[in-house]
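K.L.:
Sequence plus predicted model, see below.
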Amino acid sequence: MTGNIFDEAKRLVSARDAAEHYGFHPNRANFIPCPFHPEKSASLKLFNNGTWHCFGCGKGGTVVDFVMELFNLSALGALCKLNEDFNLSLPVGKPPSKAQQKAAQERQKIQKISDNYEQWRDNFISLLNSAFREGHLIMLNWPSKLTESEILAVKWHEPLEYWSDVLTYGSLDEQLEVLEDRSSIELLCKRILRVMQKESAA
């Protein structure tokens, strides 16, 4: 059994595909209740790059890992189940050709780019939400005089929420627009948060 067949299964079936096939219903943010530990709220995220991660128990990985955990199978057993349940017609047990090996390497490169973007997006959303929260708190309890950072937080309150929503729910084209402006947006967030931290410390 070669890794290329595993790679092909991961390309053809995402963790979300498997979750939905086996009875789970992701919410708008691609979260489902984690089947691997008791919980009251959904903490397992199904990422757009085909992987998954539970923020409650810490488990995660590829669709193969998901099926392994869900049905208590070995990696090979999970691969065979995916092959059967999704009619993948993978040549299980057959050595890959050179063309298949090259294609697998290209997919790995693309996957790495996708993984890096997914990680950046999650971190950037957290930064946006932190800056948005500052403005929200100010508007709940207006001070008699606004500092420079507080003015920025209030002024950019709605755009911060918009950028966060776009990165969470928007189309790829919409996300790319935010990506192009990421440097200026990140600087704005840091000005709001960093300056406020210094002023609070003073």
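P.N.:
In hand now; what should we look at? The structure presented is a predicted model; accordingly, all values stated were derived computationally and were not measured. Residues are numbered from 1 along each chain as shown.

K.L.:
Would you check how far apart the residue located most distally from the centre of the chain and Thr62 are?
P.N.:
The outermost residue of the chain, judged against the average C-alpha position, is Ser144 (40.2 Å), by CA atoms, centre = their mean. As judged by CB to CB, to the nearest Å, Ser144 and Thr62 stand 55 Å apart. Every residue, glycine included, has its C-beta placed from N, CA and C.

K.L.:
just to revisit the earlier point, what's the per-residue pLDDT of the residue farthest from the centre of the chain here?
P.N.:
pLDDT recorded at Ser144 is 82.

K.L.:
gap between the two ends of stretch 39-52?
P.N.:
17 Å (CA to CA, to the nearest Å).

K.L.:
Now find how far off-centre it is within its chain.
P.N.:
8 Å (CA atoms, centre = their mean, to the nearest Å).

K.L.:
and the longest helix along the chain, how far from the chain's centre?
P.N.:
In the chain, assigned by DSSP state H, the helix with the most residues is helix 98-140. Distance of helix 98-140 from the chain centroid (CA atoms, centre = their mean) equals 6 Å.

K.L.:
helix or strand right after it?
P.N.:
helix 148-155 (DSSP states H and E).

K.L.:
helices or strands up against that next one?
P.N.:
Packing partners of helix 148-155 (3 or more CB pairs under 8 Å, 6 or more residues apart in numbering; DSSP states H and E): helix 98-140, helix 182-201.

K.L.:
ok, and what's touching stretch 18-36?
P.N.:
16, 39, 41-48, 52, 54, 56-57, 59, 63, 66-67, 69-70, 82, 85-86, 168-169 (CB atoms under 8 Å, 6 or more residues apart in numbering).

K.L.:
Now the residue nearest to the spatial centre of the chain. Nearest residue, chain neighbours left out?
P.N.:
Centroid-nearest residue in the chain, with CA atoms, centre = their mean: Phe47, separated by 4.2 Å. Leaving aside its chain neighbours, Phe47 sits nearest to Glu118 (5.4 Å; criterion: CB to CB, 6 or more residues apart in numbering).
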